[in-house]
Structures are given as C-alpha cells and as structure tokens.
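>>> okay, structure incoming, though there's no sequence with it:
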C-alpha cells in the first residue's frame, strides 16, 4: 500500500483527476451488477439474462448521470488525501441523482425495463459505499491511522481541544516531528474524550502534573481566540514547570492560507496582549490608493516601513520612499526588491526640513497621497539638549511637507501623530501637537488637499520602544529596568496601526484628528514580568529594578485632551477627536523658524511650545538662566549661530 501511495504522488495532477473520474464511473457498473448479484443469491438466473440488453442501456444512462453530477458538484476536484464531510456530501448528491434517475426510468418504462425492488435499494447503498469508502481508505492510508501508534518525534501536550487543536493534531500526526501525548482544555465536557486517539486529560491547572507524568517539556497553545488572561495563565504554568510554550498561527491567518497550522513558534509578548485582528474596508482603501503615486516620509522607520508594505497591496502606480537614514532607506528598498519586485519604488535620501529638496521631489514626482511618518519620537532624548531639533523636525518638517502638498495639489496628506500629543508634558508630545495644529491651519486655508491626523500609542517592537529594550536586558541576564511600578502605556501591533492609518485616510474629509482604539492600557511592570517568563526565567533569576520616571515621561498616556470630544465613525476602532481650532498666525511663526537660521535653548523651546500649545505642562523645568516666557522675549535675545548673530 505504501508503495502505491508513493507512486500516486508521482503522477501529475491532471492524470490523477482522470483516474478519479474513471474510478467514479467504474463504481456504477460494479455497484449495479453487485446489487443484482446479491439479489439473486450470488447467481445470475435466466430472468437476469433475458433482461441484460435493457439493463445495459439503463447502466449507460446511470453512468452518464454519474459523470454529469460528479462534475457539477466538483467531486473530482476534491483531494482524497484530505477527504472530509464535504466530499461525503458530494458523494450523497451523486448517489441520490442516480437513484432519482433509476426511479424515473422504472416508473415511465415499467414493461421495457424490469428492476427488482431490492436492487433499487441495494444499488445506491453499494455505490455510496464504494465512492466514500475508497476516499476514506485513501485518507487512512495517507494518514497511516490504521497502523499501531508509535512514539515519534518530541513528546508534546496540546493546550486546547477545539477546532485549532484538532487541525494541529492532525498535522502533527502526519509529520511525525512531534508526538502528542495528551491534550488539555478547561471545558469540563471535554474531559476524558479523545481526538484522533489522544485523550483530553485535564485543564490548564493540570499542566504541571501532566508535564511531569508524560516526561515532556513542550506545550503547544492551540487557542488562537483565547483571552489574554488565559494565555498569561498558561504561560505562567509553563514557566513554573520549566516548559517551552509554543503557539500556532491565528485562525484568520490559517484560513487566508498564509501559514500552515504546524508553523509553530514560541509565544511572544504580543500574543499575551491579545490584540484582535483588524478588519478594514479594503474596497474603499483600494479606491483611494489604486493607480496613485504615494509618498511616505520616514519610509525606513517602524511605522513608515510597515505603511509601505501595506500600501504595496493596493496596486499603487509607485511608492516614493523618503528617508534621511541611508541604512533605513537601503533596508526598505531591499525588501521591495526581494518581496514585491512588481511594485515600482523610488528610494530618495532626503530630510523633511530641507525645503529645497522637498520642493524638487514634489515637483518631479507629483505624489497624489502623502503619508508623513518622519519624526523624532524618543521622549527623554528630545527633552534635554535636543528640544530645538525636535521642534524643527516635528513642526517645521511637517510644515515643509504640508506646504509642498498644497502647492502641488496632492489629494491627501496624512500625519502620523501620537497619544503623547494629548495634554503633553514633554517636548516630543508638544511638538507633535503643534504638527497637528499646522495641518489644521493648512486645512483652514482651503485648497484641494485634505489633511488628516491619526493618533495612536506605542507600537509593539518599534525602534526605541520598551519591548526591544526588555529583550536585550533579558538576553544579557538582567536586570530589567522599569521606570515606575504603576506606569501604564497603550500598545498595538505595527501592522494594526498601519492598516488603521490607511482606513482613516480613506474616511477623512479634511481636518479630522482620528484616534485609534488602543484597547486597555498595559502596565509596564506586568509586561516586564511576562517577557521574563517567556524567556524561560523566573523573577528571582532576572531582577526588575525601578529607575524612576525619565525627563518628560508621564505615568499614563491619554488619547483625548480634556477639551476634546469624539465622534463615532463607521469603523469600530476609529473615532474622530474634535480639537480646538489652530491659530492662523501659527503658519507665519513656523515660516519664520524655517526662513531664519535660528538656534534656541531647551528653555526657550519650552516657552515657545507653551505659548502655542496652551495645554502643554512641562514636567522638566528649565535649569539654565535663559528663561523666556514669550516669543517676543526669545526673538529679542541674540542667538549665535555658526559665528553669526541673528535676531
């Protein structure tokens, strides 16, 4: 049998289909004459021989019906190696059609064709048995479930006896890389039951005992829709028992065909946060982006690069990659060359603060939609010693991009903002709020370009975020540094953020500040503990040290300012914030910063920000002597820049 299965796998698919058609056709005469043979007690008498000519004609009709129905229901397209209830349903359709045809013939031609009533009953039963039995037998041969179970591969326990657990178990039996010794599930109705010969031996609380009983150190989590609390509980059990916990892909990935059920990986901290898959209005986004020239600033950054990848799905005419970092530009350009060579990309090294370079890019490539993701976003770095650079990059750079978008009549301009722009206590957050105000002011001036701003919190794994830092600290043996035991942050995955940015862009009519649903805030201390456990360590092995809040940091982040209200949108994860209107004089002020070669101290920058962003409350007070409370005071001070003195 094994050699026959091996030979069949070597036959091209079109010939295997022909063999399936031939088998289903031959099943008709075999069942037909088998029914007569059984009717006449395994002997064919004179009555049968007399009726043979008419029975031959009837048999040809039955074979014709068989061929037509099998092709109509797609029975020949089914893979016998994965025969299922759907294939059995198709077999029943074919058998029922044969029976109906037979009944019609013997009803309308009772004297020409004489068929015993027992044959009418036996024939469909034999036909269905032959067709379904062959398919089931082939699947049994392929799965080798008819042979005695042998211990193969690494012993493992599957957590979850639902749909994903069944799919995973079936795949693991086929591959023989793992040997499933038991399943666990918290559903009490499943206790003691079996899946493909493997028993459900307990719940999550029984994991340590079952690991010891079966002498294994491996768990596979087959619960794609489990709540974060359940995942954390399983992870904690695995850590206490010193076991390695793996996870299977989500069901949406499996059904999309992007990965196989047995494409397992160690559980990541992202899994424990429990972010649901985002569903966007693909058709609406497609209409906005298809055939358009798209420009992404900060294209090599965490958000910018994922935006570029997501944009490539919607058939753009080209994607213009604007990035100041040569290495980051090289990486995203290389990704397109390797993964999406059919998408035209234009990699351009450029600084968004360079007005001449930006004007040249817009004039030459004429983008239709701009996604402005370039920004300085590291709070402590921008707070001390770099405040002026943060203002120039986040505010002046946004103004330069927005002005060129209006000048060259871009359809849309999408600013990637942050939750730190709400009631900001740091320079970075205040400059991002000013960038929003610049876009609001540009929208108020009228014109063809629609400006949208999108706010969201931290993205998992982004450059400079806490998760990569924790990973490095755990890999080096600790300690893991947490600023404060009560500090919380919002988190979402980079792909989720990028998709919602596209959805917001497609929905916007101009001037809206979109707020993404970030879910529940995550306690950073608990995040650190989860990552330590995922690394296979205990909190005694990897210590957690509290270092205190850094300059500009808040205990918690907000998504809406006190004076703002939100309006629902058709998408459940998007809302619109109604922020106060921006002062038109802001554009003249930013234009002055762009035209003049200025250099302001941290204290002066904070004074500027406080003047324009009234809700800004600096958490770091200026310690130098250059205290200034107004723009006028700052401008009156002589500032030395590259050997020259400018007002």
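Looks like it arrived, so ask away. Given the structure is predicted, the values throughout are model-derived calculations rather than measurements.

>>> tell me which helix or strand of the protein sits lowest on mean pLDDT?
strand 644-646 (a mean of 31; mean pLDDT, DSSP states H and E).

>>> pLDDT score assigned to residue 30?
Residue 30 is assigned a predicted lDDT (pLDDT) of 86.

>>> residue 227 too?
Per-residue confidence at residue 227 stands at 69 (pLDDT).

>>> what sits against residue 191?
Neighbouring residues of residue 191 by Cβ atoms under 8 Å, 6 or more residues apart in numbering: 185, 200-203. All C-beta spots, glycine's among them, are computed from the backbone N, C-alpha and C.

>>> remind me which residues of the stretch 51-200 of the chain are low pLDDT?
By pLDDT under 70, the low-scoring segments of the stretch 51-200 of the chain are 51-54, 75-86, 111-114, 140-152, 176.

>>> which residues of it fall in strands?
Taking DSSP state E, counting those that start in this stretch as the test, the strands found in the stretch 51-200 of the chain are 154-159, 178-184, 194-195, 198-202.

>>> what helices or strands is the last one leaning on?
Taking 3 or more Cβ pairs under 8 Å, 6 or more residues apart in numbering; DSSP states H and E as the contact definition, the neighbouring helices and strands of strand 198-202 are strand 178-184, helix 207-214.

>>> do the same with the first one
Packed against strand 154-159, as judged by 3+ Cβ pairs under 8 Å, 6+ apart, are the following elements: helix 163-175, strand 178-184, helix 207-214, strand 218-221.

>>> quick check: neighbours of it in the sheet, parallel or antiparallel?
strand 178-184 (parallel), strand 218-221 (parallel) (DSSP bridges).

>>> quick revisit: buried among the contacts of residue 191? Make that a PyMOL selection.
The following PyMOL line selects those of the contacts of residue 191 that are buried, judged by 16 or more other Cβ atoms under 10 Å:
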select buried, resi 185+200+201+202+203
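
>>> where along the stretch 401-550 of the chain do the strands fall?
Taking DSSP E, counting those that start in this stretch as the criterion, the stretch 401-550 of the chain carries its strands at 412-416, 450-455, 458-460, 480-482, 488-489, 491-493, 512-516, 522-523, 544-546.

>>> right, and the ones you listed - which one's nearest residue 55?
Ranking the strands of the stretch 401-550 of the chain by proximity to residue 55 (Cβ to Cβ) places strand 491-493 first, at 66.7 Å.

>>> follow-up on the earlier one: including distance to residue 292, could the strands of the stretch 51-200 of the chain go into TSV?
Converted to TSV, the strands of the stretch 51-200 of the chain look like this (distance: least, Cβ to Cβ, whole Å):
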stretch	distance to residue 292
strand 154-159	46
strand 178-184	47
strand 194-195	50
strand 198-202	52
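
>>> the stretch 251-400 of the chain: helices as residue ranges?
If you assign secondary structure with DSSP state H, counting those that start in this stretch, the helices in the stretch 251-400 of the chain sit at 251-255, 269-273, 282-289, 302-311, 326-339, 355-365, 379-383, 387-391, 397-407.

>>> and the ones you listed: which comes nearest residue 90?
Checking the helices of the stretch 251-400 of the chain against residue 90 by Cβ to Cβ gives helix 251-255 as the closest, at 21.2 Å.

>>> single out the most deeply packed of the helices and strands packed on strand 198-202.
By mean neighbour count, with neighbours taken as mean count of other Cβ atoms under 10 Å, strand 178-184 ranks first of these at a mean of 22.

>>> can you give me how far that strand is from the chain middle?
For strand 178-184, the separation from the chain centroid amounts to 28 Å (computed by Cα atoms, centre = their mean, to the nearest Å).

>>> so which helix or strand takes in residue 592?
Following DSSP states H and E, one finds residue 592 within helix 585-595.

>>> and that helix, what does it pack against?
For helix 585-595, the helices and strands in contact under the criterion 3+ Cβ pairs under 8 Å, 6+ apart are helix 397-407, helix 427-444.

>>> return the most buried member of those helices.
When you average the neighbours per residue for each of the helices and strands packed on helix 585-595 (mean count of other Cβ under 10 Å), helix 427-444 leads with a mean of 26.

>>> just the mean pLDDT for it, thanks.
Helix 427-444 comes out at a mean pLDDT of 91.

>>> got the angle for that helix vs helix 585-595?
Between the axis of helix 427-444 and that of helix 585-595 there is an angle of 120 degrees, by axes from the mean of the first three to the mean of the last three Cα atoms, to 10 degrees.

>>> mind putting the strands of the stretch 401-550 of the chain in CSV, distance to residue 571, mean neighbour count and mean pLDDT included?
As requested, the strands of the stretch 401-550 of the chain are exported to CSV (distance: least, Cβ to Cβ, whole Å; neighbours: other Cβ atoms under 10 Å; pLDDT from 0 to 100):
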stretch, distance to residue 571, mean neighbour count, mean pLDDT
strand 412-416, 15, 26, 93
strand 450-455, 12, 26, 90
strand 458-460, 19, 22, 71
strand 480-482, 34, 20, 89
strand 488-489, 23, 18, 80
strand 491-493, 14, 23, 74
strand 512-516, 9, 25, 81
strand 522-523, 23, 19, 80
strand 544-546, 38, 14, 90
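
>>> export these to a markdown table and tack on distance to residue 401?
Output for those, formatted as a markdown table (distance: least, Cβ to Cβ, whole Å):
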| stretch | distance to residue 401 |
| --- | --- |
| strand 412-416 | 7 |
| strand 450-455 | 11 |
| strand 458-460 | 21 |
| strand 480-482 | 36 |
| strand 488-489 | 28 |
| strand 491-493 | 25 |
| strand 512-516 | 17 |
| strand 522-523 | 32 |
| strand 544-546 | 40 |
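
>>> of all the strands paired with strand 154-159, which one comes closest to residue 290?
Using Cβ to Cβ as the criterion, the shortest distance between residue 290 and the strands paired with strand 154-159 is 38.6 Å, found for strand 218-221.

>>> which helices and strands sit right next to the next helix or strand after that closest one?
The C-terminal neighbour of strand 218-221 among helices and strands, as given by DSSP H and E, is helix 228-240. With contacts defined as 3+ Cβ pairs under 8 Å, 6+ apart, the secondary structure elements packing on helix 228-240 are helix 207-214, strand 218-221, strand 244-247, helix 269-273, helix 524-534.
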